[in-house]
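1. Sharing a sequence plus its predicted fold:
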Amino acid sequence: MGTLHILDHPLIQHKLSILRDKNTGVKEFREVVGEISALMCYEATRNLPTVEVEVETPVAVAKTRVLSGKKLAIVPILRAGLGMVDAMIDLIPSAKVGHIGLYRDPETHEPVEYYCKMPPDISERQVFVVDPMLATGGSATAAIRLLKEKYGCRNITLMDIIAAPEGVQTVRRDHPDVDIFVASVDERLDENAYITPGLGDAGDRIFGTK
């Protein structure tokens, strides 16, 4: 059974306040998205398996631990999810990156797929699906379903910076096996299916398109 993890670390919450501020410019917004993503990645990978090895230090031989070789993948939901990838790759440089392109139909608010490209061994990897916003949950649910049904993925974690209760409920209903990591669960969705109070459109604010 998947678990909802709300990461209330003071550093994450401080940086989240910067993202929420409408006066935060594109450069700072983009940088802070990366910083929060790195802090969240630290928590989301806490239970990765390790093995004991011996390392020769300048003084003696030390018994220490390294990752056990478990294969990882990061799959951003385009386009806003791209803002979270680089910081995570800095921490786990051996991870491969897939891409899922989805947009939200302005009338139905349902996700429409327009692009998908995955590493050939994606089914063997622990997959981190990333997107700054979990609003209705439609895009996340569709992305996870695609990974399961088309690629055979069975070990999937979802990472979002801000979520709406409706989105969390949708993902937990449709994919109860998936762990969800968020920095905040906000109050609700508004009549346009935007997270309230939220931070606006993450994609526009990351890429300066609005």
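-> Cool, got the structure.
2. Walk me through the regions of this structure where pLDDT falls short of the threshold, as ranges.
-> The chain contains residues with pLDDT under 70 at 109.
3. From the chain's centroid, how far away is stretch 21-30?
-> 20 Å (Cα atoms, centre = their mean, to the nearest Å).
4. what do you get for stretch 86-96?
-> Offset of stretch 86-96 from its chain centre (Cα atoms, centre = their mean): 13 Å.
5. now swap in stretch 20-30 and tell me
-> 19 Å.
6. Can you give me the end-to-end span of it?
-> 12 Å (Cα to Cα, to the nearest Å).
7. residues of that stretch that come out buried?
-> 24, 29, 30 (16 or more other Cβ atoms under 10 Å). Just so you know, the C-beta spots here come from the backbone N, C-alpha and C atoms, and that holds for glycine as well.
8. and what of stretch 1-20?
-> Neighbour-count burial for stretch 1-20 flags 5, 7, 12, 15, 16, 18, 19 (criterion: 16+ other Cβ under 10 Å).
9. Which ones among those map onto helices?
-> Among the buried residues of stretch 1-20, the members falling in helices (DSSP state H) are 12, 15, 16, 18, 19.
10. Let me have those in JSON lines, extended by distance to residue 121.
-> Shown next, in JSON lines, are these (distance: Cβ to Cβ, whole Å):
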{"residue": "12", "distance to residue 121": "32"}
{"residue": "15", "distance to residue 121": "34"}
{"residue": "16", "distance to residue 121": "34"}
{"residue": "18", "distance to residue 121": "37"}
{"residue": "19", "distance to residue 121": "34"}
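11. Show me where this protein has its helices.
-> Under DSSP H, the chain gives helices at 10-20, 26-44, 85-91, 138-151, 165-174, 202-207.
12. now those helices in TSV, with distance to residue 192?
-> Formatted as TSV, those follow (distance: least, Cβ to Cβ, whole Å):
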stretch	distance to residue 192
helix 10-20	18
helix 26-44	21
helix 85-91	27
helix 138-151	14
helix 165-174	13
helix 202-207	14
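13. OK, contacts around residue 181?
-> Neighbouring residues of residue 181 by Cβ atoms under 8 Å, 6 or more residues apart in numbering: 5, 7, 40, 43, 44, 157, 158, 159, 160.
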